[in-house]
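Q: I need the structure of the sequence given here:
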Amino acid sequence: MEFINKFISVEQHVRSGIRPVYLMDYDPKYVYRTLTSSLGSSDEPEWAITEDSEKVRIPVFAYRTGKEPESGLFGYGMQMGMQALHINEHPYDCVVLVLGVERHDLSDEEDEDITDAYRVYVGISFAREK
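A: Just a heads-up that it's a prediction; the model follows:
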């Protein structure tokens, strides 16, 4: 299985309150299955299928982690990708991870109970040949 990494700046989205979305070029030899809800938001995540389009729309979700993400962001993305792959019922040829280039230190916020926590941004799509 191949892992493809894409990167997106999320800063303007966070400031405006609009969910970041990565628009990836569609490769007609693939069918894409894209996670359209956060993995932690429900027991059964929501998916979108893209079989014919100019772009594949990959929503990017915020996740909270206790690890320093500068060294572990890719690893965290892989962990999320593997979790989504485990939930997914179909075999796929590649995993597309969209990673936000920014991360936010939650210990900077006014909540004194938060220490050593970060917000990172990950979007996930799977592709398989038609």
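Q: hey, which helix or strand in this protein has the poorest pLDDT?
A: Every helix and strand of the chain was ranked by mean pLDDT, DSSP states H and E. The lowest is helix 69-87, at a mean of 61.
Q: and the next helix-or-strand element following it, which strands flank it?
A: For helix 69-87, the succeeding helix or strand toward the C-terminus, using DSSP states H and E, is strand 94-100. Sheet pairing of strand 94-100 (DSSP bridges) gives strand 2-8 (parallel), strand 118-129 (antiparallel).
Q: mind checking the SS state of the nearest residue to residue 51 once chain neighbours are set aside?
A: Leaving aside its sequence neighbours, residue 51 sits nearest to residue 31 (CB to CB, 6 or more residues apart in numbering; 5.1 Å). Where C-beta positions appear, they are placed from N, C-alpha and C, glycine not excepted. The local conformation at residue 31, judged by DSSP: H, G, I helix; E, B strand; the rest coil, is strand.
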